[in-house]
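[1] turn this into a model:
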Amino acid sequence: MMQAISRIVSNTLEKYHKERLSFAQTIADLAKKETYISALQSQDALSLLRPLLLDNIPAIQQSAALAIGRLANYSEELAEEVVDSDILPHLIFSLQPNYVVNSGALITLIQCLEEFDPDVKESAAWALGYIAKHNEELAKAVVNAGALPLLILCIQEPELSLRKTAISALSDIAKHSTELAHEVVDVNSLYFLAQLIHDSDPKLLRQVCSCLCQIAKHNKLLAEKVVERNIFPRVLHILKNKDEYVRKNAASLLCEISKHSSELAQIIVNAGGIPAIIDYIDNSKGSAKLPGIMTLGYISVFSDTLAFSVLLSKPTPVLMNILTDNDKKDENTLLNKTIKWIIENTLDLKSITPLLSLNTPLSILKPTIEQIKKIIPNDVMLRREFVTSGSLKILQEIAQKFISKNPGDPTYHSSMAENIMLINKCYPEEIIQYYSPGYSEILLSRMENNQQQSCTINSQSN
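    Below you'll find the model as predicted:
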């Protein structure tokens with residue numbers, strides 16, 4: 001039964017493939033004869049051929065490209081229609097980018113950027129970006145052909161789609177290496193990108209934030225050049241944009257800036273970035289949260305002062321909720337790493353004791369207890385605060401739940417057990433006993449025994 005169904009589906013799809021190929025080949029044959037050109041144009045053959053350029057069967061792609069080429073070759077009017085129909089990018093997309101470069105097509109594409117028609121410019125910019133995005137060698141070829149100054153001119157054109165495509169091409173060039181990013185910066189791109197970051201169009205903002213991100217990611221100097229263009233606080237406002245891709249690209253930009261130095265991290269903090277990032281994380285879904293989470297980690301890792309600045313905005317409840325609800329291993333690994341970075345770089349006891357809970361995952365409890373062990377031994381006031389806040393009592397409950405009293409159990413010799421023991425050594429044994437689970441029952445039992453002994457003595461004396 002299943003074989004019959006599979007055969008029917010297979011035959012149907014095979015017939016569909018053959019019909020597509022037959023259609024493209026027939027149009028290509030008809031396009032050779034002048035008598036059919038007018039009819040093919042009036043019947044809108046170009047729009048039917050366009051999707052076949054992206055077909056997954058090479059023979060269909062080739063036949064469709066041949067048909068379009070013959071139609072475009074017939075007259076200037078049809079050639080313009082090919083451009084106006086946005087077919088040129090599809091043609092370029094169907095080619096191997098290195099073939100395009102080796103054939104000398106880059107020169108022609110660069111010349112197209114100088115055309116008066118904005119549609120021609122846009123198609124050329126799209127093609128150049130497609131070529132550049134694949135690897136550093138191809139991106140260098142685009143730069144060496146003289147594309148950058150012309151792409152900068154395209155950014156200044158009034159057509160929104162042209163500006164968007166030109167910025168996308170710059171981003172595809174800058175992403176590969178520090179050298180290429182510097183090339184993009186050297187043509188004064190940051191000046192125009194910094195202006196366009198105030199635009200309201202979401203598709204344009206996506207590309208602007210992405211391009212700035214691809215420049216800033218390489219090193220401290222490039223990140224500083226981006227920041228010097230006064231992108232704050234605007235980039236923080238963009239974190240609340242209605243478009244999810246705009247928000248994610250803005251968060252990625254902050255992430256790439258924050259990772260390079262404590263000075264850059266401090267700029268984000270001073271601009272009010274931490275609450276904005278936490279709010280972004282809390283209101284994002286799935287992998288879109290990751291650049292925000294990473295930003296908090298990068299900022300925290302530089303110093304205890306920056307880590308404290310992060311903790312002041314109370315990120316841990318948001319991060320813990322994500323950790324509890326999330327079942328994706330990679331994302332949880334990043335979350336654990338970020339929370340650990342924050343914990344390990346803070347010396348403020350009040351900021352991390354809320355994590356001391358029976359409900360906190362072990363992956364977070366362990367670094368929390370280890371950091372507390374580093375903070376309280378040399379400060380009497382902090383040791384007292386640790387008791388009065390109820391944290392010492394919770395620590396004993398954690399020890400009872402997660403650490404066995406059996407020397408043969410692995411938890412008995414664990415690093416967490418050792419850290420709890422070292423914290424407990426900071427206090428008199430009576431204090432530890434008092435706050436240990438079950439100690440009140442022991443006291444009640446002693447009291448009852450004492451009362452019984454008293455009663456016995458009294459009865460004997462009578």
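[2] in this structure, which ranges drop under the pLDDT threshold?
    1, 88-105, 326-327, 440-462 (pLDDT under 70).
[3] and S300, what element?
    Counting by DSSP states H and E, the element that carries S300 is helix 290-302.
[4] and the next helix or strand past that helix?
    As assigned by DSSP H and E, the chain's next helix or strand after helix 290-302 is helix 304-312.
[5] so what touches the following helix or strand past that next one?
    Next helix or strand after helix 304-312 toward the C-terminus (DSSP H and E): helix 316-325. By C-beta atoms under 8 Å, 6 or more residues apart in numbering, the surrounding residues in contact with helix 316-325 are 278, 281-282, 289, 293, 296, 331-332, 335-336, 338-339, 342, 354-355, 360-361, 364. Just so you know, the C-beta spots here come from the backbone N, C-alpha and C atoms, and that holds for glycine as well.
[6] so of these, which ones are in helices?
    Residues of the contacts of helix 316-325 located in helices (DSSP state H): 278, 281-282, 293, 296, 331-332, 335-336, 338-339, 342, 364.
[7] so which of those residues would you say is closest to P58?
    Distances from P58 to those, taken as C-beta to C-beta, are shortest for E331 (38.5 Å).
[8] what's the burial count for that closest one?
    Using other C-beta atoms under 10 Å, the number of residues around E331 comes to 17.
[9] try N359
    Neighbourhood size, N359 [other C-beta under 10 Å]: 7.
[10] coming back round to it: out of the ones in helices among the contacts of helix 316-325, who's nearest I57?
    E331 (37.7 Å).
[11] that closest one contacts S287, correct?
    Yes - the pair E331 / S287 is scored as a contact, 7.0 Å apart, by C-beta atoms under 8 Å.
[12] quick check: neighbours shared by the two?
    What both E331 and S287 touch, as defined by C-beta under 8 Å, 6+ apart, is an empty set.
[13] coming back round to it: would you write a ChimeraX line that selects the buried entries of the contacts of helix 316-325?
    Here is the ChimeraX command that selects the buried residues among these (16 or more other C-beta atoms under 10 Å):
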select :278,281,289,293,296,331,332,335,336,338,339,342,354,355,360,361,364
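[14] okay, which residue is most central for this protein?
    P291 (4.0 Å; C-alpha atoms, centre = their mean).
[15] is it true that it touches R247?
    No - at 9.7 Å, P291 does not count as touching R247 under the criterion of C-beta under 8 Å.
[16] which parts of stretch 165-184 are buried?
    For stretch 165-184, by 16+ other C-beta under 10 Å, it's 165-176, 180-184.
[17] looking at the residues you listed, which are in helices?
    Those of the buried residues of stretch 165-184 lying in helices (DSSP H): 165-174, 180-184.
[18] which two in those are spaced the farthest apart?
    Across these, the longest distance by C-beta to C-beta is 22.5 Å; it joins T165 and H182.
[19] any idea how many residues pack against Q214?
    Neighbour count of Q214, defined by other C-beta under 10 Å: 23.
[20] now stretch 112-126: buried residues?
    In terms of neighbour count (16+ other C-beta under 10 Å), stretch 112-126 has its buried residues at 112-113, 119-126.
[21] out of these, which is nearest to N230?
    Nearest to N230 out of the buried residues of stretch 112-126 is A125 (C-beta to C-beta; 26.8 Å).
[22] was I right to think the closest one contacts A169?
    Yes - assessed by C-beta under 8 Å, A125 is found in contact with A169 at 5.1 Å.
[23] need the residues touching each of those two.
    By C-beta under 8 Å, 6+ apart, A125 and A169 have these common neighbours: L151.
[24] contacts for the host helix or strand of I352 next, please.
    In this structure, I352 sits in helix 349-352 according to DSSP H and E. Outside helix 349-352, the residues within contact range by C-beta under 8 Å, 6+ apart are 308, 311-312, 343, 346, 368, 371-372, 375-376, 382, 385-386, 389.
[25] stretch 410-430 too?
    362, 365-366, 369-370, 372-373, 376-377, 383, 387, 392, 395, 398-399, 402-407, 432.
[26] if I read this right, S258 contacts I293, doesn't it?
    No - counting by C-beta under 8 Å, S258 sits too far from I293 to count as a contact (11.6 Å).
[27] list the contacts for the closest residue in space to I278 that isn't next to it in sequence?
    Excluding the flanking residues, the one nearest I278 by C-beta to C-beta, 6 or more residues apart in numbering is P315, at 4.9 Å. Listed by C-beta under 8 Å, 6+ apart, the contact set of P315 reads 274, 278, 281, 296, 342.
[28] closest to A194 out of those?
    For these, the closest approach to A194 (C-beta to C-beta) belongs to I274, at 22.9 Å.
[29] test my guess that that closest one contacts K314.
    No - taking contacts as C-beta under 8 Å, I274 lies outside contact range of K314: 9.7 Å.
[30] neighbour count for those two, which is higher?
    More crowded of I274 and K314, by other C-beta under 10 Å: I274, with 23 against 13.
[31] quickly find the element holding that one.
    I274 belongs to helix 273-283, assigned by DSSP H and E.
[32] residues in contact with that helix?
    232, 236, 239-240, 247, 251, 254, 268, 289, 292-293, 295-296, 299, 309-310, 312-315, 318-319, 322.
[33] which helix in this structure runs the most residues?
    helix 2-30.
[34] off-centre distance for it?
    Taking C-alpha atoms, centre = their mean, to the nearest Å, one finds helix 2-30 lying 41 Å from the centre of the chain it belongs to.
[35] which strands or helices does it pack on?
    Using 3 or more C-beta pairs under 8 Å, 6 or more residues apart in numbering; DSSP states H and E, the elements in contact with helix 2-30 are helix 34-42, helix 45-49, helix 58-74.
[36] so Y74 touches E34, yeah?
    Yes - counting by C-beta under 8 Å, Y74 touches E34, with 7.3 Å between them.
[37] which of these two has more residues huddled nearby?
    The neighbour count for Y74 versus E34, taken as other C-beta under 10 Å, is higher for Y74 (17 against 8).
[38] next up, the contacts around the nearest residue to that one once chain neighbours are set aside.
    Ranked by C-beta to C-beta, 6+ apart and with sequence neighbours excluded, the top spatial neighbour of Y74 is I37, at 5.2 Å. Neighbour list for I37: 31, 71, 74-75, 78 [criterion: C-beta under 8 Å, 6+ apart].
[39] of all those, which two lie farthest apart?
    Taking C-beta to C-beta as the measure, the contacts of I37 span a maximum distance of 11.8 Å, between A31 and S75.
[40] ok so, going back, now intersect the buried residues of stretch 112-126 with the helices, please.
    112, 119-126.
[41] between the residues you listed, which is nearest I5?
    When those are compared for distance to I5 (C-beta to C-beta), W126 wins out at 42.3 Å.
[42] looking at it, that closest one is touching A166, isn't it?
    No - contact criterion C-beta under 8 Å: W126 and A166 do not qualify, at 9.2 Å.
[43] could the ones in helices among the buried residues of stretch 112-126 be laid out in JSON lines, adding distance to H413?
    Putting these into JSON lines (distance: C-beta to C-beta, whole Å) gives the following:
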{"residue": "C112", "distance to H413": "71"}
{"residue": "D119", "distance to H413": "72"}
{"residue": "V120", "distance to H413": "73"}
{"residue": "K121", "distance to H413": "69"}
{"residue": "E122", "distance to H413": "67"}
{"residue": "S123", "distance to H413": "68"}
{"residue": "A124", "distance to H413": "68"}
{"residue": "A125", "distance to H413": "64"}
{"residue": "W126", "distance to H413": "62"}
